[in-house]
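In: here are the coordinates; sequence isn't available:
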């Protein structure tokens, strides 16, 4: 079992600004898990944003965030990060981190989830 807690959202950021989200893990060995960031707006399915392999060698990004967002992890701190630059109003969503056994772009493949953190980007 892994417990995940996201932080870094909750406020209002202007378009073009930056935010860094963090997701702290506890419980099982963090480095056993692929970590992913997803986002969701009301009425829509959870959407893939980015994922990172167990030791951080491989990353993946949705086309909509490529070149603007960067995922990273620190296995010594049991934490995964999402650096978000050049934010756009369409990035507004609740952002969730997930832990899974396989690298996947599909939220159903992840086994554990945090509670989510709100990101709101104003135009």
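Out: All right, it came through fine. Keep in mind it's a predicted model, so treat the numbers as computed, not measured.
In: what about the strands in the chain?
Out: Secondary structure of the chain (DSSP state E): strands at 2-7, 12-14, 19-27, 34-40, 47-52, 59-61, 69-74, 79-84, 93-100, 110-113, 117-122.
In: average pLDDT for the second one?
Out: Spelled out, that is strand 12-14. Averaged across strand 12-14, the pLDDT comes to 95.
In: follow-up on the earlier one: now mean neighbour count too, for the strands of the chain, in JSON lines please.
Out: No exception for glycine: its C-beta is placed from N, CA and C like everyone else's. Output for the strands of the chain, formatted as JSON lines (neighbours: other C-beta atoms under 10 Å):
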{"stretch": "strand 2-7", "mean neighbour count": "18"}
{"stretch": "strand 12-14", "mean neighbour count": "13"}
{"stretch": "strand 19-27", "mean neighbour count": "18"}
{"stretch": "strand 34-40", "mean neighbour count": "24"}
{"stretch": "strand 47-52", "mean neighbour count": "22"}
{"stretch": "strand 59-61", "mean neighbour count": "17"}
{"stretch": "strand 69-74", "mean neighbour count": "18"}
{"stretch": "strand 79-84", "mean neighbour count": "23"}
{"stretch": "strand 93-100", "mean neighbour count": "23"}
{"stretch": "strand 110-113", "mean neighbour count": "18"}
{"stretch": "strand 117-122", "mean neighbour count": "17"}
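In: for residue 123, see how far away the residue nearest the centre of the chain is.
Out: By C-alpha atoms, centre = their mean, the chain has its centre lying nearest to residue 37, at 2.5 Å. For residue 37, the distance to residue 123 equals 23 Å [C-beta to C-beta, to the nearest Å].
In: ok, now residue 47?
Out: 20 Å.
In: ok, now residue 93?
Out: From residue 93 over to residue 123 the distance is 15 Å, taken as C-beta to C-beta.
In: wait, residue 2 touches residue 26, no?
Out: Yes: contact criterion C-beta atoms under 8 Å: residue 2 and residue 26 qualify, at 7.3 Å.
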